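> I would like to see how this sequence folds:
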Amino acid sequence: MIGYVTLGTNDLPRGAAFYDAIAKELGTSRMMETEQFIAWGAPGGAAGIGLTKPFDGKPATVGNGVMVALRARDKAQVDRLHKLALSLGGSCDGPPGPRGEGFYAAYFRDLDGNKLNAFVMG
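Next comes the predicted model:
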């Protein structure tokens with residue numbers, strides 16, 4: 001059910017060196033990378049860990065930059081999960097849509113403000 005977990009950082013290069021070493025020991029490597037974000041996992045599959053500068057531009061703290069991502073079967077399921085979350089009292093943190101090449105996602109918060117997303121690769 002969980003596709004990947006992101007963790008916040010205030011120093012992406014320093015954090016990347018740490019996770020590169022951990023990933024190497026686990027037999028995996030980087031699979032996705034931008035100036036704000038790096039993910040480690042199997043290419044074409046779900047990432048295990050993503051390290052990110054928080055989207056809101058505030059300093060990373062425990063909880064800020066943390067998000068649970070739920071792997072969906074297809075784009076229609078991403079759309080349904082987002083709609084369901086909102087119907088249950090959750091709030092929108094980014095409507096369903098493409099988020100770069102080969103990545104479709106919707107972002108929402110639960111009733112306590114915890115950030116989640118539903119996504120599909122491809």
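> Low-confidence regions, this protein specifically.
Residues of the chain that meet the criterion pLDDT under 70 lie in 46-47.
> Which parts of it are helices?
12-25, 75-87 (DSSP state H).
> most packed of those?
The highest mean neighbour count among those, using mean count of other C-beta atoms under 10 Å, belongs to helix 75-87: a mean of 17. Placement of C-beta: from N, CA and C, glycine included.
> quick revisit: columns distance to Gly97 on top of the helices of the chain, output as JSON lines?
What follows is the helices of the chain, written out as JSON lines (distance: least, C-beta to C-beta, whole Å):
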{"stretch": "helix 12-25", "distance to Gly97": "25"}
{"stretch": "helix 75-87", "distance to Gly97": "9"}
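> Tell me which of those lies nearest to Gly63.
Taking C-beta to C-beta, helix 12-25 is the member of the helices of the chain nearest to Gly63, at 16.3 Å.
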